[in-house]
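Visitor: Just to be clear, the model below is a prediction. Sequence and coordinates:
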Amino acid sequence: MAGGGDHDVGRGDRAPSGLTRTVVRGVGASGLGYVLTQVLTLAAYLALARLATPEDFGEFAAGAIVVNISLLVFGAESGILSALIHRRDRLEEAAATAVVATAVAGVVLSLLALAVSPLVGEFFDSDRIGSVAAASSGLMLLRTIPVVPMALLQRRFSFLRRMVVEPVGVVVFGVVAVIATANGMGVWGLVIATYAQAFLDAILSWGLVRWRPRFRLASIPMWRELVAYARHVFAASAVLRTGEQIPAALIGRFVGAAPLGQFRYGIRIASTPFGLILAAASYVLFPALARIADDRERFRLAFIRALRWMAVAGMPTGLIVLALGKPTAELVFGDVWADAGEAAMALCLYPAAGALSSVVVESFLASGRPQLVVRIEVVALVIGAATMVALLPLELVGVAAGVSIGISAGAVYALYKAHVVLSISAREILAEIGPPIAAAVVMGVSVLALDRLVVDSRDHETALGLCLLAAEGIAAFGIYGLVLHGLAPGRAPELRALIERARAQPAAERPADVDDLDLSRPL
């Protein structure tokens, strides 16, 4: 967004170096905010792991299953959110219309969730889970309220949400949950804490965006324009969220509530590195690519560069979980969560494949091809669900492995579609992702052998075990870096050049601050 965010689209597109610097700076700022959020989240879950039982977490996950399916549709990856970010003109009218549309949808979905809550209880054969489902239904409305300010902040490359809203929300969730569960409220403490976090999210998002809708501008024709783009994202989000809830449904129904709680902790261990990658890159990747979508060659080169760095970042964060997932769960959360560590190991492909898939998804959204995203998510859903059912006799680990296989299949299909649609040869794609994959495999196998045969950090006292675990992590990334440098020696100099370019950006060239942008003018 070089040259000032309140200028026309053409001028912003004619400043490639400025846009690159904005993206690099954005990756750093967004990543820093995510790390802060995760540190606070870890502190909260460390306390909760000793105050709430795996069954409490399992009942909460099962009770929130309907809400979780719908939240992504109107949440951080909402179709309306994507439509606003992608939009080029009449933003004020579009934003006002989106506020009305998301609020109405939130009310309707909350009432529907309340109506079907008894069915959730019957499916899991638990009256308590049915009650949790009913109590959680209002979260749908609360989660739709900040969608429009989220979109406006993201399209302006603002990081206020990452740096302020999300960390403060985690603090509120943690404090409320710890107090409530410490007083014996169990699963209800988790429900209350989630409401507190959602309420604060809505308040802070609207406060920071410094914009208020002019409802007289809202219109049915504009709603139709937004939906024309958003409906594909709605569909893809619905498929994605449904796929994410299949493990909860299978484990909760056929294995038990306690294993479902273990799965929740396992996927948190495996997905935390993946979340860092998405927070640091995808948050800025979509709006940045949307600004250059009309320049085919520039867009193509930007996609290749994004794929390169997402592969470099994503591969080791997945394979390190294979080696250190189990000792991490036992040392950090306690021996009672050992099964969560095994689930995390089976989920090791989740962050690696998800990083690759996310680049393609953001690129298709930015280029106005959201219908292709639906196909990617359908492939991942179908193959993942079939694999989970087939591996269900292995219980928790089998379902977790099915999740990994499903998202990997989706990533392979996504790269194939990128090859076809963006005219990128298979050789170019393999040249970008091959070295990180090979380096990550060497790293994962080496550190797995080191931990099991030499160090065995789980056999030591907690403090010493954690120190050994940290040392293994440092060794893992050292191995990865050395192998990657040997296979692709140009990566390190390019990374240094990007960082130096971001640091050297003169103040006069910085994009306009989020709070200075005029929403009535196209970005």
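Guide: Yep, it's here.

Visitor: can you list the domain ranges for this protein.
Guide: 23-254, 257-506 (automatic domain parsing).

Visitor: I'd like those domains written out as CSV, with mean neighbour count and mean pLDDT added.
Guide: C-beta here means a position set from N, CA and C on the backbone, and glycine is covered the same way. CSV is the format used below for those (neighbours: other Cβ atoms under 10 Å; pLDDT from 0 to 100):
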stretch, mean neighbour count, mean pLDDT
domain 23-254, 20, 82
domain 257-506, 20, 86
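
Visitor: Is the residue nearest the centre of the chain in a helix, a strand, or coil?
Guide: Closest to where the C-alpha atoms of the chain average out (Cα atoms, centre = their mean) is residue 275, at 4.9 Å. At residue 275 the chain is in helix, as set by DSSP: H, G, I helix; E, B strand; the rest coil.

Visitor: isn't it right up against residue 166?
Guide: No: taking contacts as Cβ atoms under 8 Å, residue 275 lies outside contact range of residue 166: 10.8 Å.

Visitor: all helices in the stretch 151-300 of the chain, in order from the N-terminus.
Guide: Counting by DSSP state H, counting those that start in this stretch, one finds helices in the stretch 151-300 of the chain at the ranges 160, 166-182, 187-209, 220-254, 257-277, 283-291, 296-333.

Visitor: Those helices into TSV, with extra columns for distance to residue 350?
Guide: Shown next, in TSV, are these (distance: least, Cβ to Cβ, whole Å):
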stretch	distance to residue 350
helix 160	29
helix 166-182	21
helix 187-209	23
helix 220-254	11
helix 257-277	5
helix 283-291	19
helix 296-333	7
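
Visitor: Test my guess that residue 488 contacts residue 435.
Guide: Yes: using Cβ under 8 Å, residue 488 makes contact with residue 435 at a distance of 4.0 Å.

Visitor: Residue 155: what's it in contact with?
Guide: Contact analysis of residue 155 by Cβ atoms under 8 Å, 6 or more residues apart in numbering lists 84-85, 287, 290, 523.

Visitor: Oh, that last question was meant for residue 254, not what I typed.
Guide: Residue 254 touches residue 392, counting by Cβ under 8 Å, 6+ apart.

Visitor: gap between it and residue 40?
Guide: According to Cβ to Cβ, to the nearest Å, residue 254 and residue 40 sit 34 Å apart.

Visitor: now do residue 147
Guide: According to Cβ to Cβ, residue 147 and residue 40 sit 23 Å apart.

Visitor: Also residue 131?
Guide: In this view, residue 131 and residue 40 are 29 Å apart by Cβ to Cβ.

Visitor: what's the answer for residue 493, then?
Guide: Distance of residue 493 to residue 40, computed by Cβ to Cβ: 35 Å.

Visitor: Next: residue 253.
Guide: 33 Å.

Visitor: where along the stretch 1-150 of the chain do the helices fall?
Guide: Counting by DSSP H, counting those that start in this stretch, the helices of the stretch 1-150 of the chain are 9-13, 16-51, 54-63, 65-74, 79-86, 91-123, 127-136, 139-144, 147-155.

Visitor: These: which one's closest to residue 352?
Guide: Nearest of those to residue 352, taken as Cβ to Cβ: helix 16-51 at 17.9 Å.

Visitor: returning to that earlier point: and residue 370, which of the helices of the stretch 151-300 of the chain is closest to it?
Guide: With Cβ to Cβ as the criterion, residue 370 lies closest to helix 220-254 of these, at 3.6 Å.
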